[in-house]
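Peer 1: Give me a 3D structure for the following:
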Amino acid sequence: MIRQLRRQLRRPLHRPLRAGVLACLWAWTGATPAQDWPVKPVRFIVPTSVGLSADIVGRVVADRLSKRLNQSFFVENLPGAGGALGYQAAARAPGDGYTMLMGTAGGLVVNTFVARSLPYDPLRDFAPVAMVVNTGGFVIAVNPALPVKNIAELIALEKSKPGSLSYGFESSSSLSDVIGQALNQKAGIRLVGVPYKSSAQAIGDTVAGRTQLFIASVAAIHAAAESGKLRRIATAGKKRFAALPDVPTLDETWPGFAFPGYLMTVTPAATPAALVLRMNRATDEVLAEPEVIKRFAALNLGTEGAGRPEELKQVLVAEHAEAARIFRDIGFKPQD
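Peer 2: This is a model prediction of the structure:
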(Lines give C-alpha, C1' and ligand atoms only; values in the text may rest on other atoms or scores of the structure.)
Protein backbone atom coordinates (compact mmCIF):
# COMPACT_ATOMS: atom_id res chain seq x y z
CA MET A 1 0.00 0.00 0.00
CA ILE A 2 2.70 2.50 1.01
CA ARG A 3 4.79 1.69 -2.04
CA GLN A 4 1.77 2.33 -4.25
CA LEU A 5 1.17 5.72 -2.61
CA ARG A 6 4.80 6.69 -3.08
CA ARG A 7 4.65 5.74 -6.76
CA GLN A 8 1.59 7.94 -7.10
CA LEU A 9 3.46 10.86 -5.51
CA ARG A 10 6.08 10.67 -8.25
CA ARG A 11 3.44 11.43 -10.88
CA PRO A 12 2.30 15.03 -11.60
CA LEU A 13 -0.59 15.85 -9.29
CA HIS A 14 -2.72 18.87 -8.64
CA ARG A 15 -1.28 20.51 -5.50
CA PRO A 16 -4.34 19.97 -3.22
CA LEU A 17 -4.52 16.32 -4.29
CA ARG A 18 -0.83 15.81 -3.69
CA ALA A 19 -1.17 17.36 -0.22
CA GLY A 20 -4.06 15.02 0.53
CA VAL A 21 -2.09 11.95 -0.54
CA LEU A 22 0.82 13.08 1.62
CA ALA A 23 -1.47 13.51 4.61
CA CYS A 24 -2.83 10.00 4.10
CA LEU A 25 0.66 8.59 3.85
CA TRP A 26 1.77 10.27 7.08
CA ALA A 27 -1.38 9.09 8.84
CA TRP A 28 -0.91 5.51 7.57
CA THR A 29 2.71 5.27 8.69
CA GLY A 30 2.08 7.10 11.97
CA ALA A 31 4.88 9.51 11.09
CA THR A 32 4.88 13.29 10.66
CA PRO A 33 7.07 15.50 8.46
CA ALA A 34 8.60 17.01 11.61
CA GLN A 35 9.56 13.61 12.97
CA ASP A 36 11.18 12.53 9.71
CA TRP A 37 12.95 15.83 9.01
CA PRO A 38 15.38 16.09 7.35
CA VAL A 39 15.03 13.51 4.56
CA LYS A 40 17.02 15.55 2.00
CA PRO A 41 19.80 18.19 2.06
CA VAL A 42 19.02 21.47 3.81
CA ARG A 43 20.01 24.79 2.26
CA PHE A 44 21.75 26.92 4.90
CA ILE A 45 21.94 30.51 3.66
CA VAL A 46 24.54 32.92 5.07
CA PRO A 47 23.76 36.50 3.92
CA THR A 48 27.37 37.69 4.34
CA SER A 49 30.65 36.91 2.66
CA VAL A 50 33.17 34.42 4.00
CA GLY A 51 35.03 35.39 7.17
CA LEU A 52 32.40 37.32 9.11
CA SER A 53 30.76 36.02 12.28
CA ALA A 54 27.63 34.79 10.50
CA ASP A 55 29.74 32.76 8.09
CA ILE A 56 32.11 31.32 10.68
CA VAL A 57 29.34 30.40 13.10
CA GLY A 58 27.02 29.27 10.31
CA ARG A 59 29.57 26.75 9.07
CA VAL A 60 30.09 25.37 12.56
CA VAL A 61 26.34 24.93 13.10
CA ALA A 62 25.70 23.50 9.63
CA ASP A 63 28.53 21.00 10.06
CA ARG A 64 27.32 19.84 13.47
CA LEU A 65 23.69 19.57 12.31
CA SER A 66 24.87 17.49 9.35
CA LYS A 67 26.69 15.09 11.65
CA ARG A 68 23.96 14.95 14.27
CA LEU A 69 21.08 14.43 11.82
CA ASN A 70 23.00 12.41 9.22
CA GLN A 71 21.93 14.76 6.44
CA SER A 72 23.75 17.46 4.49
CA PHE A 73 23.32 21.10 5.57
CA PHE A 74 25.10 22.99 2.80
CA VAL A 75 26.17 26.59 3.35
CA GLU A 76 25.41 29.08 0.59
CA ASN A 77 26.89 32.57 0.94
CA LEU A 78 24.64 35.25 -0.58
CA PRO A 79 26.15 38.61 0.49
CA GLY A 80 24.77 40.90 -2.23
CA ALA A 81 22.99 44.21 -1.55
CA GLY A 82 24.21 44.46 2.02
CA GLY A 83 22.91 40.97 2.76
CA ALA A 84 19.42 41.66 1.38
CA LEU A 85 19.96 39.14 -1.42
CA GLY A 86 20.30 36.30 1.08
CA TYR A 87 17.29 37.35 3.13
CA GLN A 88 15.17 37.72 0.00
CA ALA A 89 16.15 34.23 -1.18
CA ALA A 90 15.20 32.74 2.18
CA ALA A 91 11.92 34.67 2.36
CA ARG A 92 10.87 33.37 -1.05
CA ALA A 93 11.85 29.75 -0.38
CA PRO A 94 9.21 27.07 0.29
CA GLY A 95 8.16 26.69 3.91
CA ASP A 96 9.09 23.01 3.99
CA GLY A 97 11.94 23.00 6.49
CA TYR A 98 14.66 22.77 3.87
CA THR A 99 15.83 26.38 3.95
CA MET A 100 17.48 27.97 6.97
CA LEU A 101 19.19 31.34 7.19
CA MET A 102 21.81 32.56 9.65
CA GLY A 103 20.29 35.92 10.46
CA THR A 104 22.16 38.84 11.98
CA ALA A 105 21.04 41.82 14.01
CA GLY A 106 21.78 43.92 10.93
CA GLY A 107 19.61 41.94 8.56
CA LEU A 108 16.79 41.11 10.96
CA VAL A 109 16.49 44.53 12.59
CA VAL A 110 18.79 47.35 11.46
CA ASN A 111 18.17 47.09 7.71
CA THR A 112 14.56 48.06 8.32
CA PHE A 113 15.69 51.52 9.41
CA VAL A 114 18.67 51.92 7.09
CA ALA A 115 17.11 51.24 3.69
CA ARG A 116 14.15 53.11 2.23
CA SER A 117 12.82 49.80 0.97
CA LEU A 118 13.70 46.16 1.49
CA PRO A 119 12.83 43.13 -0.66
CA TYR A 120 11.80 41.33 2.52
CA ASP A 121 10.06 42.04 5.82
CA PRO A 122 12.04 40.69 8.82
CA LEU A 123 8.98 40.28 11.04
CA ARG A 124 6.52 39.05 8.44
CA ASP A 125 8.62 36.80 6.19
CA PHE A 126 10.49 34.67 8.72
CA ALA A 127 9.83 32.28 11.56
CA PRO A 128 12.61 32.46 14.19
CA VAL A 129 14.22 29.07 14.80
CA ALA A 130 17.10 29.41 17.27
CA MET A 131 19.22 32.02 19.01
CA VAL A 132 22.70 30.77 18.12
CA VAL A 133 24.95 33.51 19.52
CA ASN A 134 23.73 36.10 21.99
CA THR A 135 27.08 37.12 23.46
CA GLY A 136 28.90 38.87 20.68
CA GLY A 137 28.52 41.98 18.62
CA PHE A 138 30.56 44.64 16.92
CA VAL A 139 33.91 46.17 17.73
CA ILE A 140 35.67 49.38 16.72
CA ALA A 141 39.38 48.70 16.27
CA VAL A 142 42.22 50.98 15.21
CA ASN A 143 45.69 50.69 13.77
CA PRO A 144 48.02 50.45 16.81
CA ALA A 145 50.01 53.44 15.51
CA LEU A 146 46.95 55.68 15.87
CA PRO A 147 47.38 57.64 19.14
CA VAL A 148 43.97 56.75 20.57
CA LYS A 149 42.96 54.17 23.18
CA ASN A 150 39.29 55.03 23.61
CA ILE A 151 36.35 56.76 21.92
CA ALA A 152 36.99 60.11 23.62
CA GLU A 153 40.53 60.24 22.24
CA LEU A 154 39.30 59.20 18.79
CA ILE A 155 36.77 62.02 18.75
CA ALA A 156 39.36 64.56 19.90
CA LEU A 157 41.82 63.45 17.20
CA GLU A 158 39.23 63.60 14.43
CA LYS A 159 38.06 67.06 15.49
CA SER A 160 41.65 68.28 15.38
CA LYS A 161 41.90 67.08 11.77
CA PRO A 162 38.32 66.90 10.40
CA GLY A 163 37.78 64.34 7.67
CA SER A 164 41.29 62.88 7.96
CA LEU A 165 40.29 59.53 9.49
CA SER A 166 38.58 56.68 7.67
CA TYR A 167 37.03 53.41 8.75
CA GLY A 168 36.90 50.23 6.71
CA PHE A 169 33.89 47.96 6.75
CA GLU A 170 32.87 44.79 4.94
CA SER A 171 30.17 45.82 2.45
CA SER A 172 27.86 42.86 3.15
CA SER A 173 27.66 43.86 6.82
CA SER A 174 25.22 46.76 6.93
CA LEU A 175 25.54 47.21 10.69
CA SER A 176 29.27 48.00 10.48
CA ASP A 177 28.67 51.05 8.30
CA VAL A 178 25.63 52.07 10.33
CA ILE A 179 27.75 52.13 13.49
CA GLY A 180 30.31 54.36 11.77
CA GLN A 181 27.67 56.77 10.47
CA ALA A 182 25.83 56.79 13.78
CA LEU A 183 29.10 57.57 15.58
CA ASN A 184 29.63 60.53 13.25
CA GLN A 185 26.18 61.90 13.97
CA LYS A 186 26.35 61.31 17.71
CA ALA A 187 29.84 62.78 18.17
CA GLY A 188 29.68 65.48 15.51
CA ILE A 189 32.67 64.15 13.60
CA ARG A 190 33.40 63.14 9.98
CA LEU A 191 34.90 59.67 9.82
CA VAL A 192 34.98 58.52 6.18
CA GLY A 193 33.50 55.07 5.48
CA VAL A 194 35.36 52.83 3.01
CA PRO A 195 33.53 49.66 1.88
CA TYR A 196 35.41 46.43 1.13
CA LYS A 197 34.37 43.22 -0.56
CA SER A 198 35.90 41.14 2.22
CA SER A 199 36.90 41.57 5.84
CA ALA A 200 40.39 40.31 4.99
CA GLN A 201 40.92 43.23 2.60
CA ALA A 202 39.56 45.71 5.12
CA ILE A 203 41.76 44.37 7.90
CA GLY A 204 44.79 44.43 5.61
CA ASP A 205 44.31 48.10 4.76
CA THR A 206 43.76 49.11 8.39
CA VAL A 207 46.85 47.20 9.46
CA ALA A 208 48.81 48.88 6.64
CA GLY A 209 47.49 52.31 7.65
CA ARG A 210 45.52 53.03 4.47
CA THR A 211 42.45 53.26 6.72
CA GLN A 212 42.75 54.08 10.41
CA LEU A 213 39.81 52.12 11.82
CA PHE A 214 37.96 48.89 11.13
CA ILE A 215 34.41 48.24 12.33
CA ALA A 216 33.32 44.62 12.26
CA SER A 217 32.02 41.70 14.27
CA VAL A 218 34.03 40.54 17.25
CA ALA A 219 34.86 37.29 15.45
CA ALA A 220 36.09 39.01 12.29
CA ILE A 221 38.46 41.22 14.30
CA HIS A 222 39.56 38.55 16.80
CA ALA A 223 42.71 37.18 15.10
CA ALA A 224 44.13 40.58 14.13
CA ALA A 225 43.46 42.00 17.59
CA GLU A 226 44.94 39.04 19.44
CA SER A 227 48.12 39.26 17.33
CA GLY A 228 48.46 42.98 18.08
CA LYS A 229 47.81 44.13 14.52
CA LEU A 230 44.67 46.01 15.62
CA ARG A 231 43.68 47.64 18.91
CA ARG A 232 40.07 47.33 20.11
CA ILE A 233 38.85 50.62 21.58
CA ALA A 234 35.09 50.09 21.93
CA THR A 235 32.29 47.60 21.51
CA ALA A 236 28.79 48.42 20.31
CA GLY A 237 26.74 46.18 22.59
CA LYS A 238 24.71 47.05 25.67
CA LYS A 239 27.34 45.64 28.03
CA ARG A 240 31.00 44.72 27.95
CA PHE A 241 31.96 41.34 26.55
CA ALA A 242 32.94 38.93 29.30
CA ALA A 243 36.00 37.94 27.24
CA LEU A 244 36.97 41.63 26.73
CA PRO A 245 36.34 43.22 30.14
CA ASP A 246 38.75 46.11 29.50
CA VAL A 247 37.08 47.28 26.29
CA PRO A 248 34.31 49.83 27.05
CA THR A 249 31.00 50.10 25.22
CA LEU A 250 29.66 53.05 23.26
CA ASP A 251 26.76 52.94 25.71
CA GLU A 252 29.16 54.00 28.48
CA THR A 253 29.86 57.23 26.60
CA TRP A 254 26.27 57.80 25.44
CA PRO A 255 23.74 55.87 27.55
CA GLY A 256 21.21 54.09 25.36
CA PHE A 257 23.48 54.22 22.30
CA ALA A 258 24.02 50.54 21.55
CA PHE A 259 23.83 48.16 18.62
CA PRO A 260 23.60 44.64 20.02
CA GLY A 261 24.98 41.85 17.88
CA TYR A 262 23.55 38.36 17.78
CA LEU A 263 23.08 35.50 15.35
CA MET A 264 19.69 33.85 15.01
CA THR A 265 18.60 31.18 12.55
CA VAL A 266 15.28 31.72 10.81
CA THR A 267 13.23 29.87 8.22
CA PRO A 268 10.43 30.94 5.83
CA ALA A 269 7.32 32.08 7.70
CA ALA A 270 5.14 29.41 6.09
CA THR A 271 7.11 26.60 7.73
CA PRO A 272 4.79 24.54 10.02
CA ALA A 273 5.29 25.15 13.74
CA ALA A 274 6.09 21.48 14.37
CA LEU A 275 8.94 21.63 11.86
CA VAL A 276 10.26 24.88 13.33
CA LEU A 277 10.28 23.28 16.77
CA ARG A 278 12.13 20.23 15.41
CA MET A 279 14.76 22.53 13.88
CA ASN A 280 14.94 24.45 17.14
CA ARG A 281 15.54 21.34 19.27
CA ALA A 282 18.20 20.01 16.90
CA THR A 283 20.04 23.34 17.00
CA ASP A 284 19.79 23.49 20.77
CA GLU A 285 21.47 20.08 20.99
CA VAL A 286 24.27 21.33 18.74
CA LEU A 287 24.80 24.45 20.87
CA ALA A 288 25.20 22.27 23.97
CA GLU A 289 28.11 20.33 22.44
CA PRO A 290 31.37 21.10 24.31
CA GLU A 291 33.30 21.41 21.05
CA VAL A 292 30.88 24.04 19.72
CA ILE A 293 31.01 26.03 22.96
CA LYS A 294 34.82 25.87 22.81
CA ARG A 295 34.98 27.06 19.21
CA PHE A 296 32.63 29.96 19.92
CA ALA A 297 34.60 30.98 23.02
CA ALA A 298 37.81 31.08 20.98
CA LEU A 299 36.16 33.85 18.94
CA ASN A 300 34.87 35.76 22.00
CA LEU A 301 31.37 34.53 21.19
CA GLY A 302 28.95 32.81 23.53
CA THR A 303 25.65 31.00 23.53
CA GLU A 304 23.02 30.38 26.17
CA GLY A 305 21.06 27.88 24.13
CA ALA A 306 18.56 28.13 21.30
CA GLY A 307 15.65 29.52 23.30
CA ARG A 308 12.08 28.93 22.13
CA PRO A 309 10.74 30.09 18.75
CA GLU A 310 7.85 32.02 20.29
CA GLU A 311 10.22 33.84 22.65
CA LEU A 312 12.56 34.75 19.81
CA LYS A 313 9.71 36.36 17.92
CA GLN A 314 9.13 38.61 20.93
CA VAL A 315 12.86 39.42 20.99
CA LEU A 316 12.75 40.59 17.37
CA VAL A 317 9.70 42.76 17.99
CA ALA A 318 11.39 44.35 21.02
CA GLU A 319 14.65 44.90 19.10
CA HIS A 320 12.76 46.67 16.31
CA ALA A 321 11.19 49.02 18.84
CA GLU A 322 14.59 49.73 20.44
CA ALA A 323 16.27 50.31 17.07
CA ALA A 324 13.50 52.69 16.04
CA ARG A 325 14.25 54.76 19.16
CA ILE A 326 18.00 54.84 18.53
CA PHE A 327 17.69 55.85 14.88
CA ARG A 328 15.13 58.49 15.75
CA ASP A 329 17.35 59.93 18.48
CA ILE A 330 20.39 60.28 16.23
CA GLY A 331 18.34 61.56 13.30
CA PHE A 332 19.53 58.83 10.96
CA LYS A 333 18.00 59.05 7.47
CA PRO A 334 17.21 55.90 5.45
CA GLN A 335 19.27 55.47 2.29
CA ASP A 336 18.34 54.40 -1.24
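Peer 1: Strands along the protein, start to end?
Peer 2: Under the criterion DSSP state E, the chain carries strands at the ranges 42-46, 73-77, 99-104, 126-133, 138-142, 166-170, 192-196, 213-217, 231-235, 263-268.
Peer 1: and the second one with strand 42-46, angle?
Peer 2: Pointing back at strand 73-77 there. Relative orientation of strand 73-77 versus strand 42-46 (axes from the mean of the first three to the mean of the last three CA atoms, to 10 degrees): 30 degrees.
Peer 1: thinking again about what came up before, Leu301: which of the strands of the chain is closest?
Peer 2: Closest approach to Leu301 among those is made by strand 126-133 (5.0 Å; CB to CB). Where you see a C-beta, it was placed from the backbone N, CA and C, and this is true even at glycine.
Peer 1: same question for stretch 79-95, mean pLDDT?
Peer 2: Regarding stretch 79-95, the rounded mean pLDDT is 91.
Peer 1: residues in contact with that stretch?
Peer 2: 43, 45-49, 77-78, 99-101, 103-104, 106-107, 111, 114-115, 118-122, 125-127, 171-174, 266-272 (CB atoms under 8 Å, 6 or more residues apart in numbering).
Peer 1: Distance-wise, check the nearest residue to Ser166 once chain neighbours are set aside relative to Phe169.
Peer 2: Spatially, and ignoring its direct neighbours in sequence, Ser166 is nearest to Val192 (4.1 Å; CB to CB, 6 or more residues apart in numbering). Separation of Val192 from Phe169 (CB to CB, to the nearest Å): 11 Å.
Peer 1: Which one of those two is surrounded by more residues?
Peer 2: Taking neighbours as other CB atoms under 10 Å, Val192 and Phe169 compare with Phe169 leading, 25 against 14.
Peer 1: ok, what's across the strand from the more buried one?
Peer 2: Beta-bridge partners for Phe169, by DSSP bridges, are Pro195.
Peer 1: show me the contacts for it.
Peer 2: By CB under 8 Å, 6+ apart, the neighbours of Phe169 are 176-177, 180, 193-196, 202, 214-216.
Peer 1: Buried members of those into ChimeraX, please.
Peer 2: Burial among these is assessed by 16 or more other CB atoms under 10 Å; the matching ChimeraX selection reads:
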select :176,177,180,193,194,196,202,214,215,216
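Peer 1: just the contacts of Phe169 now: which is nearest Arg68?
Peer 2: Using CB to CB, the contacts of Phe169 come closest to Arg68 at Ala216, 30.0 Å.
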